[in-house]
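Novice: Sharing a model prediction with you, sequence too.
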2 protein chains.
Amino acid sequence: SFSAIIISEASQCSINGLPLVRNISEIPQDNYGRGGLSHSTVAGSVLHGMKEVEVWLQTYAPGSRTPIHRHSCEEVFVVLKGSGTLYLAPSSHMKYPGNPQEFSIFPNSTFNVPVNDAHQIANTDEREDLQVLVMISRPPVKVFIYADWFMPHTASKLKFPYYWDEQCLQPPPQKDEL
Amino acid sequence: SFSAIIISEASQCSINGLPLVRNISEIPQDNYGRGGLSHSTVAGSVLHGMKEVEVWLQTYAPGSRTPIHRHSCEEVFVVLKGSGTLYLAPSSHMKYPGNPQEFSIFPNSTFNVPVNDAHQIANTDEREDLQVLVMISRPPVKVFIYADWFMPHTASKLKFPYYWDEQCLQPPPQKDEL
Ligand SMILES: [Zn+2]
Ligand SMILES: [Zn+2]
């Protein structure tokens, strides 16, 4: 029924009723339309009322990767399992990111992405999943996406709310509005 | 020699020369005078130039615990190994924290500590180490320490810089100053 849907959506998007200590393996995960991705919001702005930090657990299947993107928050990665590549185009005076530097990432490694630098994380291993914990500041995240490394910064496209924040941050579309 | 000491301290306290991708198991760890603790700053304000988030890896031997403390930053824990107890005294109108609530923490669990609530993390297991990743906002952390749960908030003692920030955040004492 209609009221049941409302209640169900509210409980997915509210801190009310969530236990303080949560089992990470019971937190909902989704690929948000991105093949090879599994994302869980471990501690989130929209879901858990965080205001200054947000924590994600993400798994990338072999061959899968984030979009090329930038954001004006700080971001720290801790690699729990698997390996891959960080592509990073340090800020410059060019109008586009340009060819990125490549860094190998490996189990039990950590790195932080400088604010506003265009970057991409890829599972470049052929067999193993890449699993990372991601910490960001200033949630919810505002992401600018590039189609490629030579797209001008000004042409990169803001995706906000980001995929995993969409359901709870945005009011549902009012289809029957007259 | 004197100049050698200066160089050694500078290199321990500077981001210069640190690789972008770091092996967490090679990051220096110390107990900072607290028995049973092992602390590594995975991504830090003082050490790595972080301005908005900081990440720690901490291991607590059986029976060891944090002081009872509060801070006005957000703090998220992810339990990597072992189990223990979170003691949490939610903010109230009392002049002291009062008897805390107790929460079991377990492998692959997560929780966040509400801003300014007095709390303590303890490894209450008798055999296994408790290992946690800790994320805080607003680094470097400013901690108020309580001797017990009934010490008035106003009597709690500010410890700043905190133990692991002391060496690099504070200028060395000028013993020979006249
Ligand atoms: Zn990013
Ligand atoms: Zn704390």
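Specialist: Received it, and whenever you're ready, just let me know what you need. Ligands and ions are numbered 1, 2, ... in the order given.
Novice: Tell me the strands beside the one helix or strand residue A:77 maps to, with direction?
Specialist: For residue A:77, the enclosing helix or strand under DSSP states H and E is strand A:75-81. Partner strands and pairing direction for strand A:75-81 (DSSP bridges) are strand A:109-113 (antiparallel), strand A:130-137 (antiparallel).
Novice: Look up the residues forming beta bridges with the nearest residue to residue A:103 once chain neighbours are set aside.
Specialist: In space, residue A:103 comes closest to residue A:86 once its chain neighbours are excluded; the distance is 4.3 Å by Cβ to Cβ, 6 or more residues apart in numbering or on different chains. C-beta: built from backbone N, CA, C; applies to glycine. Residues in a beta bridge with residue A:86, per DSSP bridges, are residue A:103, residue A:121.
Novice: who's in contact with residue A:86?
Specialist: Residue A:86 is in contact with A:77, A:102-103, A:105, A:111, A:113, A:119-121, B:20-21, counting by Cβ atoms under 8 Å, 6 or more residues apart in numbering or on different chains.
Novice: Most neighbours among those, which one is it?
Specialist: Using other Cβ atoms under 10 Å in any protein chain shown as the neighbour test, the contacts of residue A:86 are led by residue A:121, with 26 neighbours.
Novice: list the contacts for it?
Specialist: A:60, A:65-66, A:77, A:84-87, A:105, A:130, A:132.
Novice: and if you look at residue A:97?
Specialist: A:68, A:70, A:89, A:118, A:146, A:149-151, A:153.
Novice: element containing it?
Specialist: Here residue A:97 is assigned to no helix or strand, by DSSP H and E.
Novice: Now do it, the pLDDT please.
Specialist: Note on residue A:97: pLDDT of 98.
Novice: Quick check: the gap between it and residue B:97.
Specialist: 49 Å (Cβ to Cβ, to the nearest Å).
Novice: And the buried ones among the contacts of residue A:121, selectable in PyMOL?
Specialist: Those of those that count as buried under 16 or more other Cβ atoms under 10 Å in any protein chain shown are selected in PyMOL with:
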select buried, chain A and resi 60+65+66+77+84+85+86+87+105+130+132
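Novice: Would you reformat the contacts of residue A:121 as a markdown table and include pLDDT and distance to residue A:141?
Specialist: Shown next, in a markdown table, are these (pLDDT from 0 to 100; distance: Cβ to Cβ, whole Å):
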| residue | pLDDT | distance to residue A:141 |
| --- | --- | --- |
| A:60 | 98 | 17 |
| A:65 | 98 | 17 |
| A:66 | 98 | 12 |
| A:77 | 98 | 14 |
| A:84 | 98 | 20 |
| A:85 | 98 | 21 |
| A:86 | 98 | 18 |
| A:87 | 98 | 19 |
| A:105 | 98 | 20 |
| A:130 | 98 | 20 |
| A:132 | 98 | 15 |
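Novice: now, the most widely separated pair of the contacts of residue A:121?
Specialist: Across the contacts of residue A:121, no pair lies farther apart than A:87 and A:132, at 14.7 Å, counting by Cβ to Cβ.
Novice: Beyond the lowest-mean-pLDDT helix or strand in chain A, next helix or strand please.
Specialist: One helix or strand of chain A scores below all others by mean pLDDT, DSSP states H and E: helix A:2-12, with a mean of 46. Sequence-wise, the next helix or strand downstream of helix A:2-12 (DSSP H and E) is strand A:22-23.
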